[in-house]
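Asker: Predicted structure and sequence below. I'll ask about it afterward.
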Amino acid sequence: MSIDRRHFLAGLSGGFPGLALTDLLARDGVLSGTLHAPPRAKRVVQLFMAGAASHVDLFDYKPQLEKEHGEQWDPGEEVELFQSTPGASMKSVWDFQRYGKCGKHLSEVVAPLGDVIDDLAFVHNIVGKTGVHSQGTLLQTTGFNRPGFPSAGSWVSYALGSENENLPAFVVLPDHRGLASNGTKNWSSMFLPAQHQGTVIRPGAATPIDDLFPPKDSDFITPGADKAGFQLLGKMNSRYAEEREGDSRLTARIRSYELAARMQLSSTEALDVSKEPQYIKDMYGLAPEGPGVDDTKINVKAEREFFGRKCLVARRLLERGVRFVQVWSGNDNGHPRRNWDSHENIERDHGPLASGMATGAAALIKDLKQRGMLDDTIILWTTEFGRMPCAQRGVGRDHNPFVFTNWLCGGGIKGGVTHGESDQWGYKPLDPANSTQVYDIHATILHLLGIDHERLTVRHNSIDRRLTDVHGRVVREILG
Amino acid sequence: MTVLLATAGLSAAKDPDPLAILENNCLSCHNAHDAKGDVAFESGPIPDKIAKSIVKAIAGSDPEMPKDRDALTSGQVEVIKNWVADGATIPEGRVLKDTYVPGRDWWSLQPIEKSEVPHAGKWSENEIDAFVLTKLQEKGLSPSPEAPPRVLVRRLYYDLTGLPPTPEEVDTFVAEYKANPEGTWSRLVDRLLASPAYGEHFARHWLDVARYGESHGYDKDKPRPNAWPYRDYVIRSFNDDKPWSQFVKEQIAGDVLYPDSPDGIVALGFIAAGPWDFIAHFEVGEGKVDGRIAKHMDRDDMVSATFNAFMSTTVQCAQCHNHKFDPVSMEDYYRLHAVFAAVDRAPRIYDLDPAMLKKREDLTRAIAEVQKEVKQLDSEVKAAGGPELENTLKKIEELNKAGAGKVKKSAAYGYHSQIAKKPDTEKWVQLELIDEVAIDRIELVGAHDEYGGIGAGFGFPVRYRVEVSATGNFEKDKRMLADHSAADFVNPGIQPVEVKGDGGPARFVRITATKLAARTSDYMLTLGELRVFDGADRNVAGKGIVTALDSIEAQVRWSRSNLIDGEAPVAGDPKQAQELVDLKKRKAEILAAINTPEREKKRADLETKLGNLQTELKKVPEGKMVYAASTQFKPFGKVLPTDGKPREIRLLHRGDIRSPGDVMPAGAPALWEGTTEAFSLEKNATEGDRRAALAEYFADPDNPLLWRSIANRVWLWHFGRGIVDSPNDMGRMGMEPTHPALLDWLAATLRDDPKQSLKNLHYQIVTSATWKQASNHRADMAEVDANNAYYWRGNRRRLSAEELRDSVLAVSGKLNREMGGPSFQDFVIEKPQHSPHYQYHLHDHDDPKSQRRSIYRMIVRSKTQPFMTTLDCADPSQMVAKRDETTTALQALALLNNPFMETMSGHFATRVGQQKDPIQKAFLLVTGREPNADELDELNAYTRLYGLKNTCRILFNLSEFAYVD
């Protein structure tokens, strides 16, 4: 059956007979069993740094900035920045040194990633479209810089379905302090069926999943009433369905309640990190006081706890068959900064965030590796754009959509390589004609999942839409 | 699904020019941008290998290329062969463009044929049935009998009002229907169509299409407090059964075409209803490339929404190249941009009588003009100052940047007068010393406050006098120490200003400002510190009492006593600070030299004029506001009103703002025979004329798309699927009609109805036998038509998110039927100052305001309501022609556990608990029927163990509640 045909059926309302149960409660994706190519990976983690993380302070080493530090930055052309006018060249706030066999330079603020550097593939010549947060964020999450398009996670869920019907295929772990630009648009399914939207899980929160359980303060829903209620409902709804033969939606609805009960158990189990051994908790940087750790002032300990806990939960979800996990670092671009939008002070805000990110991400990679899961799990580190090589008011940096960094790891990615360089300052791609765009990154990830990005399409308002629009080139240089 | 493909292009090339053949047949895919198969012919040289492959691809009886189009004629193939043989050259500098525009030979672009109603069998009740039955017979299918009355009445209530009937209404209907089916049915249909709930229900359908939301979306996602009048307008329009073409025209150009009706303006909420990138417009603005990109995307939203909604045509596909399937060229697309070139999304006044509104607009415009003149005067002065002024200004800026303006200051800033609206308001502050003193000198120190970015010298008087008095009676007894009331005094920043004493005895020192310093848009007098030195160089000010004409006592920052507290702001680097003061003095001298008496007078005149205009504007009533397309509004951030002057629109090559082409006039695609692309507008046509021309283009009786589009939507709203099941796209990439003759009959009926009444269409549909069929499964029919595309049975439909929520409220006895007005919020907004956090989990569901129908819910874009979203509610950031219907575990959890459901289960139990047979009553309310004995037993047993509230919770989760029949 063609993709269009399947989607056509899945999206049909009112037409019930002839639809298999799987079309309504899809565990299968449209490409299950009919992948375009043998897959190298089964799962994806997208680590998203909201607010725009600075490539030149974290991953993209620029000796030239050390030479010019403090001098008026002059790239030889007029530069239009988001907030400011270009200030002096500004070297990385942190020193860089070489790591691993590959000898790649890393900033000391992300030193924990040095342990896994030989597994990472860096792309330093990613270019965006504009320096506006909302657009940049949507571009990275959906492949379009305006609302209206499904998230990459939704496409993957749509194509591959879930490996575990008791858990959602696409899970989102947002920053608990607030949603990034565009909010839930970054994981919406838009014109794909709604079951492919990201399900929000808030690890460590009192209610990690909306409505998973009755309200805690309910004065009448007891566990007994709940359990007996499920049974009674099953009976009554089955009778209703039997009297209306041929309507598979009604059978699916009964099943959705069974799945709901199972999801209560399996997600509770998946989110419970208490039985993880201490060395694992330490590796991820979890704080002894847990999610309640004080962050009235931004600090390393809290940022490690926040990001590390999400990474640990991500690993547990991946182990249990979740297909796509989106992990967020950073909230809306408000003040005081708990996001990467460091216009005012790179050191103050990037410092703790980067330290937390690097600890959690490195732990996730090591942990997946020791469990043999890194081979078929892709990890993508991204952000909406980079930051300028020049200073904003002395110690901050303005937006740089002209070039920034992504790195990938696992699932068929060649480790210890760098593809695509930025120029001497990290201002633009060294070779502007051969830059990398989000389409290429998405095409590469789909390729590793066994999907031809040009063939995973859904017709919407006259256009056969795809994640990569009309672009995309598999970045073969970073494939293992 | 078959897709008919374009056969003949509008501009089919008969040219023997090989390049023209390429342009018309190959370039839509093989351009530098798309480069399908890595082949592009946009410019030379063409590699040998590719040149040879062209001939192979286009020749033969079943050629591979052009894909999805007619093969080239043998003559054309010959021309290309020769061109390849001659070296396949494209002259240097020539860039080939796609010239192919698909033709109009497509069903939806043909005139509407009001076809003869076919003669069908006995089954039919009206014309609709005749069309449906004919199709059924054609397919070897047969219709189903009428559904039972109990099912029919429930179906009708939900279909027309989105609310369930009460058990009493059901019983009455069933009894009467038995006696007189036809009369009872038609009376009920009329009654429901006349009920206000009808408009509320159908408005929801339209608002889905209109991508209506009440926050901006994108970054920061600010609320749109004035969006709701448009929502009320839509409800009102449906309830009033407004003629369809009027409804359409109002939403495009109501302000021009219906100037005497407030609806003419409110309707423009349609154009503005979609998301808006606050940061890109407000903070970045059109002065920068990113801002212009945002503006382009913003207009694209207006253009595509308009055509998708009213015309079911996807013009947005022609943004980067000609539409590949429908007759819409890139030029057409950008001509539509020109239609909306002057409007922005902004709050707009709508309820004033036209004369007042005009007065308001005239005054606003006049104020803007005077402000422009002031600005011009400023730049004139600046120009006259020449390089010396420029250098001085530059140095001041450099010093400021270097931190010369940096100060150390205490938390107590100084004295601050009340705010004045005009600069020439006189204000004074004075110091009464304990003992009489022979004053040697006085020092005035300016205050420092970052407010309004002002900093040093904040509020220091522009013109002032310093006087002393022995008695304090300044009327009679005073001596002038310094008089700066004739000319502006250079703001000294925080450098102390010394005033020589006269050695005479004084107990009172008074500073009188005759011209106040400006804040952002008002004026005040402030001073950081006042020092009074006696002959022994001692500051004696500390022991005194400060009084003033008026003051702001905002401890600790501002207070009269702060004037003599010994704490004055001090420059971080006194040397630089002095340099800064000197430079500012120099600047003032230069300006004084330039400021000729004429200029001075001009400035004074302008300021007076401005003041008068602003006073006058205050007297005009403000009016109510609607968020709509607007050309006149108070500038906000970098969003400036165009005042009706359209922005220049150029065709953008590949949709790229950095590759502008020709200037485009306003126009619309020639989608049917007899239209032309560009509007024929007068030379002096206004921007409103452009939109009015588009509105008239839509309403053209020959326009087949407008009527087919709405007829199809109405059908979809009743049957859950359209006759064309891609309701926003009737082009070649959309679906084809299952019942073309029926669609045209419906479209023509609406068009030719003098009232263009949708209610009439609804009546026809719900009184048809087609609509009234039972929804029972029939295996033999399903074999042929599994999806019921031909209507051999009724459709069992699931309640939409809104219907379900409203029904829960209705059944619980909590539904608040208040209509219209500002939306209720079922969330708490945290951190509103930067990026509002919409916290749904903090909402109190017992708040009666939030127990209104869901149509009155404030729809947020960045965080859609989780409960409603799970139930397949429309996403306001895209046009939703048709809701999804998914069944998920998360849905089950939401219906069981969401606090709204939990709260309402409690209320439902309270409602029925007061009745004789609470369980029967509850069951009846939820399903519309009595429970049978088994059901009653089961429910009774459960209730005995867990109580009525839990039973109510279970009843809300019945499939019988979630589905209609």
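Answerer: Structure received.
Asker: do you know how far the residue nearest to residue A:395 when sequence neighbours are not counted is from residue A:392?
Answerer: Spatial nearest neighbour of residue A:395, excluding adjacent residues (CB to CB, 6 or more residues apart in numbering or on different chains): residue A:345 at 5.0 Å. Just so you know, the C-beta spots here come from the backbone N, C-alpha and C atoms, and that holds for glycine as well. From residue A:345 over to residue A:392 the distance is 10 Å, taken as CB to CB, to the nearest Å.
Asker: higher neighbour count, these two?
Answerer: Using other CB atoms under 10 Å in any protein chain shown as the criterion, residue A:345 and residue A:392 rank with residue A:392 on top: 24 against 17.
Asker: Verify the contact between residue B:429 and residue B:560 for me.
Answerer: Yes: under the criterion of CB atoms under 8 Å, residue B:429 makes contact with residue B:560 at 7.4 Å.
Asker: Please identify every residue contacting each of those two.
Answerer: B:415, B:546, B:547, B:548, B:551 (CB atoms under 8 Å, 6 or more residues apart in numbering or on different chains).
Asker: Could you give the number of residues near residue B:934?
Answerer: Residues contacting residue B:934 under the criterion other CB under 10 Å number 11.
Asker: Can you name the next helix or strand after whichever strand or helix holds it?
Answerer: In this assignment (DSSP states H and E), residue B:934 forms part of helix B:933-946. Next in sequence after helix B:933-946, counting helices and strands by DSSP H and E, comes helix B:948-955.
Asker: helices and strands around that next one, which ones?
Answerer: Packing contacts for helix B:948-955, counted by 3 or more CB pairs under 8 Å, 6 or more residues apart in numbering or on different chains; DSSP states H and E, involve helix A:223-242, helix B:899-913, helix B:918-927, helix B:933-946.
Asker: who's in contact with the longest one?
Answerer: Here helix A:223-242 makes contact (CB under 8 Å, 6+ apart) with A:214, A:247, A:250-251, A:253-254, A:257-258, A:261, B:896, B:935, B:938-939, B:942, B:945-947, B:950, B:953-954, B:957-960.
Asker: Report the buried residues of that helix.
Answerer: A:225, A:226, A:228, A:229, A:230, A:232, A:233, A:236, A:237, A:239, A:240, A:241 (16 or more other CB atoms under 10 Å in any protein chain shown).
Asker: ok, for the residue of the stretch 1-150 of chain B found nearest chain A, nearest residue in space, not its chain neighbours?
Answerer: Proximity of the stretch 1-150 of chain B to chain A (CB to the nearest CB) peaks at residue B:34, 5.7 Å away. Using CB to CB, 6+ apart and skipping the chain neighbours, the partner closest in space to residue B:34 is residue A:470 (5.7 Å).
Asker: quick one: contacts for residue 92?
Answerer: Picked chain A for this. Taking CB under 8 Å, 6+ apart as the test, what residue A:92 contacts is A:56, A:57, A:61, A:62, A:65, A:66, A:107.
Asker: Chain B, not that one
Answerer: So residue B:92 contacts residue B:44 (CB under 8 Å, 6+ apart).
Asker: Is it correct that it falls within a strand?
Answerer: No: assignment of residue B:92 by DSSP: H, G, I helix; E, B strand; the rest coil gives coil, placing it outside any strand.
Asker: where does the chain dip in pLDDT?
Answerer: Here I'm looking at chain A. Along chain A, segments meeting pLDDT under 70 span A:1-26.
Asker: you looked at the wrong chain, it should be chain B
Answerer: Chain B contains residues with pLDDT under 70 at B:1-15, B:401-406.
Asker: Against residue B:833, how distant is residue B:414?
Answerer: Counting by CB to CB, the separation of residue B:414 from residue B:833 is 28 Å.
Asker: Check residue B:720 too.
Answerer: Distance from residue B:720 to residue B:833, counting by CB to CB: 44 Å.
Asker: Have a look at those two and say which one is more surrounded.
Answerer: residue B:720 (20 against 7).
Asker: that older thread, as CSV, the helices and strands packed on helix B:948-955 with distance to residue A:460 would be great.
Answerer: Output for these, formatted as CSV (distance: least, CB to CB, whole Å):
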stretch, distance to residue A:460
helix A:223-242, 32
helix B:899-913, 31
helix B:918-927, 37
helix B:933-946, 43
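Asker: For residue B:862, find the nearest of these.
Answerer: Shortest distance between residue B:862 and these, using CB to CB, is found for helix B:899-913: 20.8 Å.
Asker: Wondering if that closest one reaches chain A at all.
Answerer: Yes: using CB under 8 Å from any CB of the partner chain, helix B:899-913 reaches chain A at B:899, B:902, B:905, B:906.
Asker: need these in CSV with neighbour count, can you?
Answerer: Converted to CSV, these look like this (neighbours: other CB atoms under 10 Å in any protein chain shown):
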residue, neighbour count
B:899, 19
B:902, 22
B:905, 26
B:906, 20
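Asker: right, and out of those residues, which lies closest to residue B:301?
Answerer: Closest to residue B:301, out of all of these and judged by CB to CB, is residue B:899, at 34.8 Å.
Asker: Next, work out how far apart the closest one and residue B:906 are.
Answerer: For residue B:899 relative to residue B:906 (CB to CB), the value is 11 Å.
Asker: Likewise for residue A:95?
Answerer: 62 Å.
Asker: same check, this time on residue B:502
Answerer: Applying CB to CB to residue B:502 and residue B:906 gives a distance of 83 Å.
Asker: which helices and strands sit right next to the longest helix along chain B?
Answerer: Longest helix in chain B, counting residues (DSSP state H): helix B:354-384. Contacts defined by 3+ CB pairs under 8 Å, 6+ apart place helix B:354-384 against helix B:574-594, helix B:597-619.
Asker: Just say which of these is most tucked in.
Answerer: helix B:574-594 (a mean of 16; mean count of other CB atoms under 10 Å in any protein chain shown).
Asker: Can I get that helix in PDB, CA atoms only?
Answerer: Taking C-alpha atoms only, helix B:574-594 is exported to PDB below (Å, rounded to 0.1, in the frame of the first residue of the first chain):
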ATOM      1  CA  PRO B 574      35.600  62.600  36.700                       C
ATOM      2  CA  LYS B 575      38.000  63.600  33.900                       C
ATOM      3  CA  GLN B 576      35.900  61.900  31.200                       C
ATOM      4  CA  ALA B 577      32.800  63.200  32.800                       C
ATOM      5  CA  GLN B 578      34.100  66.700  32.600                       C
ATOM      6  CA  GLU B 579      35.100  66.100  28.900                       C
ATOM      7  CA  LEU B 580      31.600  64.900  28.300                       C
ATOM      8  CA  VAL B 581      30.100  68.000  29.800                       C
ATOM      9  CA  ASP B 582      32.400  70.200  27.700                       C
ATOM     10  CA  LEU B 583      31.400  68.400  24.600                       C
ATOM     11  CA  LYS B 584      27.800  68.700  25.300                       C
ATOM     12  CA  LYS B 585      28.300  72.400  25.900                       C
ATOM     13  CA  ARG B 586      30.100  72.600  22.500                       C
ATOM     14  CA  LYS B 587      27.200  70.800  21.000                       C
ATOM     15  CA  ALA B 588      24.800  73.300  22.500                       C
ATOM     16  CA  GLU B 589      26.900  76.200  21.100                       C
ATOM     17  CA  ILE B 590      26.900  74.800  17.700                       C
ATOM     18  CA  LEU B 591      23.200  74.200  17.800                       C
ATOM     19  CA  ALA B 592      22.600  77.700  19.100                       C
ATOM     20  CA  ALA B 593      24.400  79.000  16.100                       C
ATOM     21  CA  ILE B 594      22.400  77.000  13.700                       C
END
